[in-house]
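Undergrad: Just to be clear, the model below is a prediction. Sequence and coordinates:
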Amino acid sequence: MATGADVLDFLIPTGGWAISGNDYENIQFIEATPITKAEFEAGFVQYDAWKADQDAQAAAKKTAAQAKLEALGLTAEDLKALGL
């Protein structure tokens, strides 16, 4: 589950904010354009969906890489033994 900092990193990646905890009331907009409480709360759902998509893409890339290694007759352990 996303934290308030995760959501703010997602919504305002350039920074300019500080947060303690996960509540909108604990956000300080220092150099960032403030977002609304509704945008912040919706960001939790958006972040979780984005993160799940990123994790799925990473898993697909790993599976594809493992398939390529197997086609070459190698395993992940072989690469580790070679220091790669």
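TA: Cool, got the structure.
Undergrad: Surely A76 and L69 touch.
TA: Yes - if you go by CB atoms under 8 Å, A76 and L69 touch, sitting 6.8 Å apart. C-betas here are computed from N, CA, C, even on glycine.
Undergrad: Sort out which residues of the longest helix anywhere in the chain are buried, please.
TA: Counting by DSSP state H, the longest helix found in the chain is helix 37-71. Going by neighbour count (16 or more other CB atoms under 10 Å), the buried part of helix 37-71 is F40, G43, F44, Y47.
Undergrad: repeat for stretch 75-84
TA: By neighbour count on 16+ other CB under 10 Å, the buried set for stretch 75-84 is empty.
Undergrad: Pull out the CA atoms of it and give them to me as PDB.
TA: The C-alpha trace of stretch 75-84 is given here as PDB (Å, rounded to 0.1, in the frame of the first residue of the first chain):
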ATOM      1  CA  THR A  75      20.800 -19.900 -15.900                       C
ATOM      2  CA  ALA A  76      20.800 -17.000 -13.600                       C
ATOM      3  CA  GLU A  77      23.200 -18.900 -11.400                       C
ATOM      4  CA  ASP A  78      25.600 -19.200 -14.300                       C
ATOM      5  CA  LEU A  79      25.600 -15.400 -14.600                       C
ATOM      6  CA  LYS A  80      26.200 -15.000 -10.900                       C
ATOM      7  CA  ALA A  81      29.100 -17.400 -11.100                       C
ATOM      8  CA  LEU A  82      30.600 -15.300 -13.900                       C
ATOM      9  CA  GLY A  83      30.100 -12.100 -11.800                       C
ATOM     10  CA  LEU A  84      27.400 -10.700 -14.100                       C
END
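Undergrad: Helix or strand: which one has A18?
TA: Taking DSSP states H and E as the criterion, A18 maps to strand 17-19.
Undergrad: Perfect, that will be all.
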